[in-house]
Each structure stands twice: as structure tokens, then as C-alpha cells.
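K.L.:
coordinates only, sequence not included:
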Ligand code: BDP
């Protein structure tokens, strides 16, 4: 009887051990019901291998086409963030203005409807005024001067200053020098007089065009081509890549190399969105990733600037080079802006910018 009892006990123990280990096995199997949900496992080399972490997808708005230098940098940024977060943070890039024009995108960014945006500093400066100091007319000697400013103390301070307006400034990108292009021939400042020129959504840009004797007209980026074609405006002003990418050279074939301003691009995040969705460490990592894409963007920018010029000139664009004397007239015409309110408040920062070597 004792022997029978011990056999039964042994069987009970063996059975319960088997049951336990088979239920452990089930835990290790991927649960098909979880596929496609927000839960992912850390890769095997992670210490938290068993702890599922929440995956998050964020949206980035970009006005330009898929192959534009800023868009390429946006994808590089998304790639770096996904890699550094081990796949936990995914950024979807919405190029080609899918999420709206830049003003609408910046508004959405401010209240957290969009997580990231790459925009021109001109519309952005309407939300964070001091940024105007970086796009004053004929401010920089050349691109290197601008980059020394942006990558130095002044650039860093201004990038951080957007926080007060509800943004996290991530990094600067190159937007080249801006020049006029028109449907009628322009060879001098005088020729520009009275022409209706499309202007960005920014008061300083309005003043700039007015001081050069033209009439600024607000037109969304995507409508410039038709506006010139139908005679609503006689031209616009921008860099080579935008002029080429939006095919504006087809309707405005005179490109005047007056270089009236350099308007940097900014990659920014929504403060409310990031701070509610991510940890401080993640935000820091995102800022580092963005900074790392700057060199990449500048390289793509330089290549595209040259390529765009070649494309449009081969297609018939007439590049108007101005004499030093004529260029001086352009520069003299805009000098009063430096004394005007509110831009006269930038006197100190402007002189610091000029001193940067
Ligand atoms: C381009 C900028 C783009 C602006 C556009 C404009 O890259 O972000 O929206 O100019 O003039 O150079 O509106």
C-alpha cells in the first residue's frame, strides 16, 4: 500500500512539473494576437529583453518633394531616431506639403497636432520674432559666414529661444541665398520697380520687397507657377533648388543674382507633443540625431544647388549677373530696414553676427 502511494505521489509531481514547463513555453511563443499592435520587444542584446516597450509613431511635415535636400535630411533624421531607439520611435515623413502649407503646419506644431516640421525661417519667425535677426537683408558675407553664425553661440541661443513659443528647435539646414526671378527682363533695381512679386508669410520679407521698389503679394508656394502664368504676379524670389523643383523657371525665366537675403531652414519639434509622449532622454537623443543630419543636408544642398542651376539654364533660364555698383544699389535700398522698428531691436545681435568670422 505504501509503495502504491509513493508511485501515485511521484506521478503527481511529474505531471505538475510537465504542466508548468509547458505553460512557460507558451509564454515564450509570440502571441499572434499581439501582432500589429503597439507593443514590441527589445532586441536580444538589450538588458530589458523580456520587457515589452511601447512603440510610438510621430509625424514630420515637409513642404518639399521627396528628392529635395531637406526631405532627404528628414528621412535621414527618421532613420537615425529609429536606429537609436531600437525601433521604438518611428517618424513618418509627410513630404510635398501633404500636411498643409507652412503657416498651418507651424500652428499645428504649436498645439501638438504635428510632431515635427521642417520649415523656412521666414514663416517660423512670425511665431518666434527674434529669429528675424538671422534673415536680415545682405547680412552674411557668404554661406560660410552664415554657418559660423548658426553653429556658434548666436545660432544655438536662437534655436533654444523657440521653446518659449511652444517649440523645440532641433537644427538648422541650408536654404541658400534668395534671388528674384521674373517673367519680364530685369537687369537693374530700377527694372524691379512696381513689379508684383510673391512674398513669404513674413513682415520682414514684405518690407524687404517694398524697399526694393516692388509690390509684395502673398501667394502660397504651390500657386506661384499659375499666378505668374496668369499675370497675377510678375515673379517671386527664392533659391535655385526651389525655383527648379517647382518648375517656376518655365514661367519666370529671368533669374537675377541679387542675393538679397539668406533664409535658413529649421527643423523643429512640438514641445507639447514631445514632452507628453517622450522621456527627457528620448528628447535629448532626438536633438542629437537632428544635429547629426545637418552636415548631410548641407552636402545634399550644395549638390542640388549646382544641379538645379544647370537644369534651369539648360532649359532656357537667363541668369542676370549684376555689377558691383548695381548690387550696392540693392543693398543701399534695404539699409533703412535696420533702423525700423522692430528690427532696430536687433542692433546688438546684428553687430555680433557681422563680427563672426
Ligand atoms: C523655400 C523653402 C520653403 C519655403 C519656400 C517659400 O525651402 O520652406 O516655403 O522657400 O518661399 O526656399 O515659401
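P.N.:
Yes, it's here. Being a predicted model, the structure only gives us computed values, none of them experimental. Residues are numbered from 1 along each chain as shown.
K.L.:
okay, and the beta partners of the closest residue to the ligand within the chain?
P.N.:
Here the residue of the chain nearest the ligand is residue 120; by C-beta to the nearest ligand atom that distance is 3.5 Å. Using the backbone N, CA and C atoms, a C-beta is placed for each residue, glycine as well. Listed by DSSP bridges, the beta-bridge partners for residue 120 are residue 265.
K.L.:
which residues touch it?
P.N.:
102, 175, 200, 263, 265-266 (C-beta atoms under 8 Å, 6 or more residues apart in numbering).
K.L.:
could you redo the last one with a cut-off of 10 Å?
P.N.:
Residues in contact with residue 120 (C-beta atoms under 10 Å, 6 or more residues apart in numbering) are 63, 70, 102, 135, 173, 175, 178, 200-202, 205, 221, 238, 242, 263-266.
K.L.:
what of residue 265?
P.N.:
Counting by C-beta under 10 Å, 6+ apart, residue 265 makes contact with 63-64, 69-70, 73, 118-122, 124, 171-176, 297, 301.
K.L.:
just those residues: which are in strands?
P.N.:
Among the contacts of residue 265, DSSP state E puts 118-120, 171-173 in strands.
K.L.:
closest to residue 154 among those?
P.N.:
residue 172 (11.3 Å; C-beta to C-beta).
K.L.:
surely the closest one is in contact with residue 148?
P.N.:
No: at 11.9 Å, residue 172 does not count as touching residue 148 under the criterion of C-beta atoms under 10 Å.
K.L.:
what's the following helix or strand after the strand or helix carrying residue 281?
P.N.:
Using DSSP states H and E, residue 281 sits in helix 280-314. Per DSSP H and E, the first helix or strand lying C-terminal to helix 280-314 is strand 318-320.
K.L.:
by contact count, what packs against that following strand?
P.N.:
Strand 318-320 sits against strand 177-182, strand 254-262, helix 280-314, with contacts defined as 3 or more C-beta pairs under 10 Å, 6 or more residues apart in numbering; DSSP states H and E.
K.L.:
all strands in the stretch 51-200 of the chain, in order from the N-terminus.
P.N.:
Taking DSSP state E, counting those that start in this stretch, the strands of the stretch 51-200 of the chain run over residues 53-54, 56-62, 89-94, 116-120, 167-173, 177-182, 196-199.
K.L.:
tell me the most buried of those?
P.N.:
Across those, the average number of neighbours (mean count of other C-beta atoms under 10 Å) peaks for strand 116-120, which reaches a mean of 26.
K.L.:
that one relative to strand 56-62, how many degrees between them?
P.N.:
10 degrees (axes from the mean of the first three to the mean of the last three C-alpha atoms, to 10 degrees).
K.L.:
and the stretch 51-200 of the chain, which residues reach the ligand?
P.N.:
Selection of the stretch 51-200 of the chain residues close to the ligand by C-beta under 6 Å from any ligand atom yields 63, 102, 119-120, 175, 200.
K.L.:
would you mind measuring from the residue nearest to residue 239 when sequence neighbours are not counted to residue 56?
P.N.:
Among residues not flanking residue 239 along the chain, residue 176 sits closest, at 3.6 Å (C-beta to C-beta, 6 or more residues apart in numbering). Distance from residue 176 to residue 56, counting by C-beta to C-beta, to the nearest Å: 34 Å.
K.L.:
before we move on, the earlier item: identify the farthest-apart pair in the ones in strands among the contacts of residue 265.
P.N.:
120 and 171 (14.4 Å).
K.L.:
per-domain residue ranges of the protein.
P.N.:
Listed by automatic domain parsing, the domain ranges of the chain are 56-175+264-306, 177-262+314-348.
K.L.:
show me how far the last one is from its chain's centre.
P.N.:
What that stands for is domain 177-262+314-348. 22 Å (C-alpha atoms, centre = their mean, to the nearest Å).
K.L.:
can you pull out the low-pLDDT segments for this protein?
P.N.:
Counting by pLDDT under 70, the chain shows low-confidence ranges at 1-52.
K.L.:
hmm, 90 instead?
P.N.:
1-54 (pLDDT under 90).
K.L.:
neighbours of residue 141, how many?
P.N.:
12 (other C-beta atoms under 10 Å).
K.L.:
that one against residue 355, yeah?
P.N.:
No: taking C-beta under 10 Å as the definition, residue 141 is not a contact partner of residue 355, at 11.5 Å.
K.L.:
roughly how far does residue 289 sit from residue 312?
P.N.:
34 Å.
K.L.:
correction: residue 140
P.N.:
In terms of C-beta to C-beta, residue 140 sits 24 Å off from residue 312.
K.L.:
picking up where we left off before, buried deepest among the helices and strands packed on strand 318-320, which one?
P.N.:
strand 177-182 (a mean of 24).
K.L.:
that one vs strand 254-262, what angle?
P.N.:
Using the same axes, to 10 degrees, strand 177-182 lies at 150 degrees relative to strand 254-262.
K.L.:
who are the packing partners of strand 177-182?
P.N.:
Packed against strand 177-182 by the contact rule (3+ C-beta pairs under 10 Å, 6+ apart) you find helix 189-192, strand 196-199, helix 203-211, helix 224-229, strand 235-238, helix 240-245, strand 254-262, strand 318-320.
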